[in-house]
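Visitor: Give me a 3D structure for the following:
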Amino acid sequence: MLPLQGVKVLDLSSVVFGPLASQTLADYGAEVIKVEAPGGDSTRHTGPATEPGMAALFLGSNRSKKSVVLDLKQTGARDALMSMLGDADVFMHSMRPQKLAPLGIDADALLARFPRLVYAGLHGFGQDGPYAGRPAYDDVIQGMSGLSALMQAQGGEPRYLPTIAADKTCALVAAQAILAALFQRERTGRGGFVEIPMFETMVAFNLVEHFYGRHFEPALAPAGYPRVLTPWRRPWRTADGAICMMPYTDAHWQRFFLEVQAPALASDPRFVDITMRTRHIGDLLETAGGFVAQGTTAHWLAICERLEIPAAPVSALEDLPTDAHLTATGFFAEIKDAHMGQLRFPGVPVRFDGQRPPVHLPPRLGEHTRQCLETVGLPTAAIDDLIAHGAAFAAPQRPSAANAPSNDSQIA
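Guide: Take a look at the predicted model:
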C-alpha cells in the first residue's frame, strides 16, 4: 500500500514540467491518467527509441501512468473528460491560461462543477502579473530567473545549465504543492486552485543563497553567494584526474592545512573562520588546489576519509548504473517488455517503510483509452463513436508474446 493509493489524477500536461510532477505522484501510488492530444506528447519522439512513440525523454518522465487520447476541440471528447473528472482528485495542466475557457476546463468552471477537485495550473508566470499567458520553456526561464547570469558571473559568459533545471525543479515544487492541497482538502472537504508558476518558482530557488546581502535594507552586500560564484568552485585537479572535495568547517580546514604541512595557513586571517573564508573564497580554493594537484585522486580520497573531510571521485553518467552504492541499494530497475526488450530506469529515490515503490512501463499512446472510459461508465458503443469521429484514439491491442514477463520493475 503506497501513500497515494486511491488518488486519481488527470494530467493534461506535456513535455517535462507537468509530466515529471505527475510521475512523482504516480511513484507514490496515485493512479495517473495522462490525457494526450492526438499525436501524443512531443517527448514521445525525442531521443532514441526501439518503438515509435516510446522515445527516451518520454520514458524518463511518464512511468507508471495510463494514457488516454482525447481531442478536446470536439464536444464529445470534452464530455468524456467531464465523465472522467467525476471521481478524480486532481486535475493538472500546463496549458496557457487563455486557452482553457474555450475548452470549458478553466479553474472556475471545473471547481464549480467538482468542488472537491484539486485543480493545479502549471504556468510559465503567475496570472496576476504582466507576463501572464506568455509561453515559457526551460531555457527562457533559466535566463529570466538569473541562472544564466550566475553562469556568466562564474565562467565569463551567460550559459544554460546542462540540464533542464527549471522544468525539473518546478516539477518537484508542483508535486509538493498538489500534495499540500490534497492534505488541505482532507481537513476542509473542499478542493481548490493551486498555481505553480515557473518564473516565480525559479526566482525563489535561485535566491535561497543568492539574495545574500539584499535581504537587508540598505543592502549589506550585492546579490550572489561568493562561495559558489568563484571560478575556483569546481572539482580540483589531481595528479591523475580530479576529485570533488569539500573542506567546509573550521576543523576541516585546520586538518587540511596540517596535512599539507602548511599550519600557518590555518591561522591566516583570510581563512580563520567561515566569514573570512567566504570573503576570500577564491584565494582559499586556489591555494588549496595547488596542494591537491600534487597527489593522485586515490591519495586524496584516502586522506579525506582519514580526516573526515567530504570527498568523492568525479562520476560519469555512464558509471552510475554500476556505482557500488546504487547497486547495493537496488536503485535502478529493469523491465523486460515483450516488444521493446530490456529497459532500465532510475528507481524511485524515496522508500516507504523500507520499500522502494515499483516502476512500471510508461504507457503507449492511447493504451488505456477504452479501459478508462469504460471505468467511468461510458458504453462501448459511445466509445466506438468517439473513436470513429476522431474525438478519441485507442491503441490497438497487441498480441502478447509467449511467456512474456510482466512490465513490473525488477531490481537490477
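
Visitor: Which strand or helix spans Arg159?
Guide: Using DSSP states H and E, Arg159 sits in no helix or strand.

Visitor: close enough to count as contact, it and Met151?
Guide: Yes. The pair Arg159 and Met151 qualifies as a contact (CB atoms under 8 Å) at a distance of 4.2 Å. Placement of C-beta: from N, CA and C, glycine included.

Visitor: Would you mind writing the CA trace of stretch 37-55 as PDB?
Guide: C-alpha atoms of stretch 37-55 as PDB (Å, rounded to 0.1, in the frame of the first residue of the first chain):
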ATOM      1  CA  ALA A  37      -4.000  15.100 -27.700                       C
ATOM      2  CA  PRO A  38      -4.000  13.100 -30.900                       C
ATOM      3  CA  GLY A  39      -0.400  12.600 -31.800                       C
ATOM      4  CA  GLY A  40       0.600  12.500 -28.200                       C
ATOM      5  CA  ASP A  41       3.200  14.200 -26.100                       C
ATOM      6  CA  SER A  42       6.100  15.600 -28.200                       C
ATOM      7  CA  THR A  43       8.600  13.800 -26.000                       C
ATOM      8  CA  ARG A  44       7.300  10.500 -27.300                       C
ATOM      9  CA  HIS A  45       9.600  11.300 -30.300                       C
ATOM     10  CA  THR A  46      12.600  12.900 -28.500                       C
ATOM     11  CA  GLY A  47      15.700  10.800 -28.300                       C
ATOM     12  CA  PRO A  48      16.500   7.200 -29.200                       C
ATOM     13  CA  ALA A  49      13.700   4.600 -29.300                       C
ATOM     14  CA  THR A  50      13.100   1.000 -30.200                       C
ATOM     15  CA  GLU A  51       9.500   1.600 -30.800                       C
ATOM     16  CA  PRO A  52       7.800   4.700 -32.400                       C
ATOM     17  CA  GLY A  53       6.200   6.900 -29.700                       C
ATOM     18  CA  MET A  54       8.300   5.500 -26.900                       C
ATOM     19  CA  ALA A  55      11.500   7.600 -27.000                       C
END
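
Visitor: shouldn't Pro48 be in contact with Ala56?
Guide: Yes. Here Pro48 reaches Ala56: they are 5.3 Å apart, a contact under CB under 8 Å.

Visitor: And the two? Which one has more around it.
Guide: The neighbour comparison of Pro48 against Ala56 (other CB atoms under 10 Å) goes to Ala56, with 12 against 8.

Visitor: if I look at the spatially closest residue to that one that is not a sequence neighbour, how far off is Ala166?
Guide: Once flanking residues are discounted, Ala56 sits nearest to Gly47: 3.3 Å by CB to CB, 6 or more residues apart in numbering. Distance check for Gly47 against Ala166: by CB to CB, to the nearest Å, it reads 19 Å.

Visitor: Comparing those two, which residue is more hemmed in?
Guide: Between Gly47 and Ala166, counting by other CB under 10 Å, Ala166 is the more crowded of the two (29 against 12).

Visitor: got a list of what that one touches?
Guide: Neighbouring residues of Ala166 by CB atoms under 8 Å, 6 or more residues apart in numbering: 17, 138, 141-142, 145, 147, 198, 201-202.

Visitor: What of Phe205?
Guide: By CB under 8 Å, 6+ apart, the residues touching Phe205 are 145, 169.

Visitor: where's it, which helix or strand?
Guide: Taking DSSP H and E as the definition, one finds Phe205 inside helix 198-210.

Visitor: mind checking how far the residue of the chain positioned farthest from its centre is from Ile383?
Guide: Distance from the C-alpha centroid of the chain, by CA atoms, centre = their mean, peaks at Ala264 (45.4 Å). To Ile383, Ala264 is 80 Å away according to CB to CB.

Visitor: in the stretch 301-412 of the chain, which spans are strands?
Guide: Taking DSSP state E, counting those that start in this stretch to define them, one finds strands in the stretch 301-412 of the chain at 311-313, 332-337, 341-346, 392-393, 410-411.

Visitor: So which residues of the stretch 251-400 of the chain form helices?
Guide: Residue ranges of the helices in the stretch 251-400 of the chain, as given by DSSP state H, counting those that start in this stretch, are 263-266, 274-279, 281-292, 297-307, 324-328, 369-375, 380-388.

Visitor: hang on, the earlier thing: isn't the residue nearest to Ala56 up against Ala55?
Guide: Yes. If you go by CB under 8 Å, Gly47 and Ala55 touch, sitting 4.5 Å apart.

Visitor: nearest residue to the residue farthest from the centre of the chain other than its sequence neighbours?
Guide: Phe257 (7.9 Å).

Visitor: That neighbour: neighbouring residues, count only.
Guide: Neighbours of Phe257 using other CB under 10 Å come to 21.

Visitor: Hmm, it is touching Val272, no?
Guide: No. With contact defined as CB under 8 Å, Phe257 does not reach Val272; the gap is 11.0 Å.

Visitor: so what sits against both of these two?
Guide: Common contact partners of Phe257 and Val272 (CB under 8 Å, 6+ apart): Ala266.

Visitor: list the contacts for Pro52?
Guide: His45.

Visitor: residues in contact with the closest residue to Pro310 other than its chain neighbours?
Guide: Take Pro310 and drop its neighbours on the chain: the residue closest to it by CB to CB, 6+ apart is Met246, 4.8 Å away. For Met246, the contact set (CB under 8 Å, 6+ apart) comprises 309-311.
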